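Engineer: next one to model:
(one chain, ligands or ions: 1)
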Amino acid sequence: MNTVPGQRPRRLRRTAAMRRLVAETRLAPADLVLPLFVREGITDPTPIDAMPGVMQHSVRSLLPAARAAVAAGVGGLILFGIPLRKDARGSAADDPDGIVQVALRALREDLGDTCVLMADLCLCEYTDHGHCGILTARGSVDNDTTLERYAAIAAAQAEAGAHVVAPSGMMDGQVRAIRQGLDSAGFSETAILAYAAKYASAFYGPFREAADCAPSFGDRAGYQQDPANGREALREVALDIAEGADAVMVKPAMSYLDIVFRVAQAVDVPVAAYQVSGEYAMIEAAAARGWLDRERVITETLLSVRRAGADLVLTYWALEAARRLQEG
Ligand code: PBG
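Structural biologist: Just a heads-up that it's a prediction; the model follows:
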């Protein structure tokens, strides 16, 4: 035997019960957040081609989907809206009768405080040009005009029943503007989960079909982070916390586990990671061809995100994974 005397790490791996006892990381349904898409003007749910198993919901079909998630113990839901009409300033985003506000009201009335209702806060689903903010005459995104829109959207979402607003536009100063907007509208109890380190990622591809929000020209590299940078994420996170973020997010998850780890080491607020549409799509596609063991891979990815340091994980598999965890 060539080991250090007495040291046999395999002793702790012998049985499933032993492995369970000594597991360093655990997954629980309550750690998972399910993203839901709600589309104005449809009656039946519409499948999303590049995200098999994920739907664009109508307000009617959204309720049973949300209830199922709550019944499985999922910790939170995050809503994305797809409006019927888009314009340059994304008017539907803060319209009290806009699709997300209508859906939030219906969900809050039905679910009360039994799970955490979050609303993604951005303009890209609502603007006719598909960018996350208001454009200047020369076609670049104007940071400070956009902040005024974000503050108004936050108030509309809070008023409709969101417990948490989650700004994902990566404008400078967005958390401060939203905090001030919420406080001055009387919503000082509404929390902010900041998409603090959000990268300009090709892994968002399928989402742009799901939320109908591909930019009509250019890309988002002028506001989202460069995948080459890690230290910059710490700066973004520190700014967001200083501006009043209650929790911070890293996005995407799998290609950015080093960022999740560094952020989790650096901060004392909850850290979320978003397992995005492309991460979902590539695993579903490989599994459909029989190239991967789907369930094991899903569990392994979720565990890895938690192990890197994320407290919560946004994932399109939230319902399925929660059910599996509930069954034990
Ligand atoms: C909107 C937003 C995007 C995602 C979440 N919020 C798209 C983007 O920034 O282009 C991506 C989510 C996913 O891919 O699952 N700002």
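Engineer: now the strands for this structure?
Structural biologist: Remark: strands assigned in the chain by DSSP state E are 32-39, 46-47, 55-57, 76-82, 116-121, 164-167, 191-198, 247-251, 271-274, 312-314.
Engineer: now mean neighbour count, mean pLDDT and distance to the ligand too, for those strands, in JSON lines please.
Structural biologist: Glycine gets a C-beta too; all of them are placed from N, C-alpha and C. Shown next, in JSON lines, are the strands of the chain (neighbours: other C-beta atoms under 10 Å; pLDDT from 0 to 100; distance: least, C-beta to the nearest ligand atom, whole Å):
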{"stretch": "strand 32-39", "mean neighbour count": "25", "mean pLDDT": "98", "distance to the ligand": "7"}
{"stretch": "strand 46-47", "mean neighbour count": "13", "mean pLDDT": "96", "distance to the ligand": "16"}
{"stretch": "strand 55-57", "mean neighbour count": "22", "mean pLDDT": "97", "distance to the ligand": "13"}
{"stretch": "strand 76-82", "mean neighbour count": "24", "mean pLDDT": "98", "distance to the ligand": "7"}
{"stretch": "strand 116-121", "mean neighbour count": "25", "mean pLDDT": "98", "distance to the ligand": "5"}
{"stretch": "strand 164-167", "mean neighbour count": "25", "mean pLDDT": "98", "distance to the ligand": "8"}
{"stretch": "strand 191-198", "mean neighbour count": "26", "mean pLDDT": "97", "distance to the ligand": "7"}
{"stretch": "strand 247-251", "mean neighbour count": "26", "mean pLDDT": "98", "distance to the ligand": "7"}
{"stretch": "strand 271-274", "mean neighbour count": "28", "mean pLDDT": "98", "distance to the ligand": "6"}
{"stretch": "strand 312-314", "mean neighbour count": "25", "mean pLDDT": "98", "distance to the ligand": "8"}
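Engineer: residues near the nearest residue to Ser61 once chain neighbours are set aside, how many?
Structural biologist: Among residues not flanking Ser61 along the chain, Pro45 sits closest, at 4.4 Å (C-beta to C-beta, 6 or more residues apart in numbering). Using other C-beta atoms under 10 Å, Pro45 has 19 other residues around it.
Engineer: so Pro45 makes contact with Gln56?
Structural biologist: Yes: counting by C-beta atoms under 8 Å, Gln56 is a contact partner of Pro45 at 6.6 Å.
Engineer: before I go, just wanted to say thanks for your time.
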